[in-house]
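Trainee: Sequence and predicted structure below; questions after.
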Amino acid sequence: MIQIAIMGLGTVGTGVAKVVAENARQIERKLGEPLQVKTILVRHFKDGPYRQLMTDDFTRIEEDDAIRVVVETIGGVEAAYEYTKRALNAGKHVVTANKQLVAEKGCELLALAKKRGVNYLFEASVGGGIPVLHPLTQCMAANRIDEVYGILNGTTNYILTRMVRAGATFADALQEAQEKGYAEADPTADVEGIDAGRKICILADLAFGRQMDPAAVPMEGISRLSLDDVRIAQRAGYRIKLLGRALRLGSGRTAYVAPHLVPEDHPLANVEDVFNAVVVKGNATGEVMFYGRGAGEMPTASACVADVMEALQASPRREEIGWEADPEGFVPPQTVPLRHYFRIRGSLADAVGAFGQVEVLSEDSGMTAFLTEPVSGGEAAEKAAALAVLARLPVLG
């Protein structure tokens with residue numbers, strides 16, 4: 001009997017316990033012996049099917065030699081960071097879905113795991129139930145990864161889908177997402193691009209091999225998007241999607257999060273509702289896309305339990321993954337040449353006067369929407385300084 005512990009009994013922690021119980025036969029067949037949740041760390045005891053497993057004392061996990069793997073689903077950094085370090089120092093594998101912890105402390109925790117001869121695995125931290133980290137680091141290991149980008153947040157993708165399909169305003173679509181349980185009561189991390197930003201940092205860390213400091217990565221969300229821009233984009237053959245994007249730039253690299261205009265014939269344009277998709281561009285494979293539900297109790301729990309099984313099957317430790325702590329080589333994304341979408345209060349002549357050649361998407365009621373030729377973000381802002389800019393978005397492709 002293999003015994004594990006879970007830290008935190010929220011949505012994902014509960015899902016892990018369910019997956020272990022409901023898929024017990026399949027898991028036992030692959031591991032060669034049964035897998036059992038022995039202890040669950042909680043802040044507050046509550047009645048339910050797992051009441052007899054609960055404890056509020058982490059030392060019961062830390063000092064129990066029978067517990068071989070700890071699944072961290074607490075979230076945040078402070079307690080999760082402290083307990084993860086203690087579990088690794090106690091010689092236990094740790095599996096997590098905690099994107100903030102991995103983005104901010106992953107390099108340190110991977111080094112500690114290596115020192116202790118155990119695994120620190122976090123497949124669920126980026127794609128939820130979508131396997132992307134393992135393919136990125138193993139299946140595409142023969143490639144030089146030049147770019148990683150995608151729809152990394154299901155809540156914002158649902159909101160944007162409702163704005164397109166139903167003509168809902170951002171506020172109304174957000175309220176609907178909250179009513180359906182897709183958005184938190186405080187949706188800031190989702191709608192302001194913070195959640196996607198943490199995920200793109202992890203992807204960039206693994207793709208490029210150096211720490212991507214989340215504090216240096218610009219993160220723009222969708223809270224300021226207007227329904228006017230959604231409609232103009234749709235009529236012109238584009239969809240607006242919130243993308244996290246990381247690019248290799250010669251010997252440097254960059255990353256950012258922002259809403260983009262995506263051509264309607266691009267595969268990402270048709271990723272809707274709460275689904276996510278990640279595109280990895282290798283110099284040998286070209287673009288490879290991973291698609292599925294990026295969040296939710298059971299998909300994320302499935303990825304966590306798969307990591308548990310991988311940690312137990314690795315002998316003594318899985319093939320090394322990680323990245324250098326040195327963040328040197330980060331290039332501000334404002335320097336990258338991109339086409340930009342603008343909506344201004346003014347005429348086509350105003351747009352041409354600022355940017356020269358432009359592609360007009362709409363002229364109506366004193367407003368003009370257009371696409372520029374490729375220019376850096378800094379140059380775009382400088383040229384637009386004299387215009388009454390109502391919206392500006394980068395264009396994918």
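Mentor: Sure, I can see it.
Trainee: neighbours of Q334, just the number please.
Mentor: The criterion is other C-beta atoms under 10 Å. On that basis, Q334 has 15 neighbouring residues. The way it works is simple: take the backbone N, C-alpha and C, and place the C-beta from them, glycine included.
Trainee: hang on, it in a helix?
Mentor: Yes. Applying DSSP: H, G, I helix; E, B strand; the rest coil, one finds Q334 inside a helix.
Trainee: pLDDT score assigned to the closest residue to it other than its chain neighbours?
Mentor: With sequence-adjacent residues excluded and distances taken as C-beta to C-beta, 6 or more residues apart in numbering, Q334 is closest to G377, at 3.7 Å. Here, the pLDDT recorded for G377 equals 94.
Trainee: My guess is G377 contacts K383. True?
Mentor: No. Contact criterion C-beta atoms under 8 Å: G377 and K383 do not qualify, at 11.0 Å.
Trainee: got the contact list for stretch 201-209?
Mentor: Among residues not part of stretch 201-209, those counted as contacts by C-beta atoms under 8 Å, 6 or more residues apart in numbering are 99, 102-103, 106-107, 122, 125-126, 132-133, 136-137, 145, 148, 211-214, 217, 244, 246, 248, 253, 255, 278, 280, 321, 323-324.
Trainee: Of the residues you listed, which belong to strands?
Mentor: Applying DSSP state E to the contacts of stretch 201-209, the entries found in strands are 145, 148, 244, 246, 248, 253, 255, 278, 280.
Trainee: where's the second one relative to T39, distance?
Mentor: Shown here: V148 relative to T39, a distance of 37 Å by C-beta to C-beta, to the nearest Å.
Trainee: residue ranges of the strands in the stretch 101-250 of the chain, please?
Mentor: For the stretch 101-250 of the chain, the strands defined by DSSP state E, counting those that start in this stretch occupy 120-121, 145-151, 238-249.
Trainee: Could you export these as JSON lines, including distance to V360?
Mentor: What follows is these, written out as JSON lines (distance: least, C-beta to C-beta, whole Å):
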{"stretch": "strand 120-121", "distance to V360": "50"}
{"stretch": "strand 145-151", "distance to V360": "27"}
{"stretch": "strand 238-249", "distance to V360": "14"}
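Trainee: Of the ones you listed, flag the one that's most buried.
Mentor: Across the strands of the stretch 101-250 of the chain, the average number of neighbours (mean count of other C-beta atoms under 10 Å) peaks for strand 120-121, which reaches a mean of 28.
Trainee: Return the distance of it from the chain's centre.
Mentor: 17 Å (C-alpha atoms, centre = their mean, to the nearest Å).
Trainee: For the closest residue to L133 other than its chain neighbours, what are phi and psi?
Mentor: Once its chain neighbours are removed from consideration, L133 has its nearest residue in E123; the separation is 5.0 Å (C-beta to C-beta, 6+ apart). E123 adopts backbone torsions of phi -50, psi -40, taken as degrees, to the nearest 10.
Trainee: if I look at E123, how far off is L136?
Mentor: According to C-beta to C-beta, E123 stands 10 Å off from L136.
Trainee: What of D229?
Mentor: To L136, D229 is 32 Å away according to C-beta to C-beta.
Trainee: So Y120 is in contact with A111, correct?
Mentor: No. If you go by C-beta under 8 Å, Y120 and A111 don't touch, sitting 9.2 Å apart.
Trainee: returning to what we had before: mark which of the contacts of stretch 201-209 are buried, thanks.
Mentor: Members of these that pass the buried threshold by neighbour count (16 or more other C-beta atoms under 10 Å) are listed as 99, 102-103, 106-107, 122, 125-126, 132-133, 136-137, 145, 148, 211-212, 214, 217, 244, 246, 248, 253, 255, 278, 280, 321, 323.
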